[in-house]
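Asker: Fold the following, please.
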Amino acid sequence: MKEEKLFGLSLDKDYIEVVTREGRFFVRHDVDSVKRTWREDEITRAEVDKIGTGIVGEYQVMFALRRRLGAEAFKSNWGPK
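Answerer: Purely as a prediction, here's the structure:
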């Protein structure tokens, strides 16, 4: 499965990374401020564009995503290889 990184230098330095895979968009992010807890969630093209506007756009997308996911937002479903 080929993917392309759109945002994020590396998950060591950034808390989010946006990739595209098979025409869909995914954000990978650390959801726990104490220990590394990773998630990968699908987002829309509009959300990708908003993330691209800078830190305020990133926060807006991440807050909206957490609202959509509810309690699942803080459970790991992915991990860096």
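
Asker: pLDDT weak spots in the chain?
Answerer: For the chain, the stretches with pLDDT under 70 are 9.

Asker: Just the CA atoms of the longest helix anywhere in it, as PDB, please.
Answerer: Using DSSP state H, we find that the single longest helix of the chain is helix 55-69. In PDB, the C-alpha atoms belonging to helix 55-69 read as follows (Å, rounded to 0.1, in the frame of the first residue of the first chain):
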ATOM      1  CA  ILE A  55      -1.100  25.700  13.900                       C
ATOM      2  CA  VAL A  56      -4.600  27.200  14.400                       C
ATOM      3  CA  GLY A  57      -5.900  25.000  11.600                       C
ATOM      4  CA  GLU A  58      -4.200  22.000  13.100                       C
ATOM      5  CA  TYR A  59      -5.800  22.600  16.400                       C
ATOM      6  CA  GLN A  60      -9.300  23.100  14.900                       C
ATOM      7  CA  VAL A  61      -9.100  19.900  13.000                       C
ATOM      8  CA  MET A  62      -7.800  17.900  16.000                       C
ATOM      9  CA  PHE A  63     -10.500  19.200  18.200                       C
ATOM     10  CA  ALA A  64     -13.200  18.400  15.600                       C
ATOM     11  CA  LEU A  65     -11.700  14.900  15.200                       C
ATOM     12  CA  ARG A  66     -11.800  14.300  18.900                       C
ATOM     13  CA  ARG A  67     -15.400  15.400  19.100                       C
ATOM     14  CA  ARG A  68     -16.300  13.000  16.300                       C
ATOM     15  CA  LEU A  69     -14.500  10.100  17.900                       C
END
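
Asker: Please name every helix or strand in contact with that helix.
Answerer: Here helix 55-69 touches strand 24-30, strand 38-43, helix 45-51, going by 3 or more C-beta pairs under 8 Å, 6 or more residues apart in numbering; DSSP states H and E. In this view, the C-beta of every residue, glycine as well, is placed from N, C-alpha and C.

Asker: Next, format these as TSV and append distance to residue 69.
Answerer: As requested, those are exported to TSV (distance: least, C-beta to C-beta, whole Å):
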stretch	distance to residue 69
strand 24-30	11
strand 38-43	7
helix 45-51	13
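
Asker: For residue 4, which of those is the nearest?
Answerer: Evaluated over the helices and strands packed on helix 55-69, closeness to residue 4 peaks at strand 24-30, with 10.2 Å, by C-beta to C-beta.
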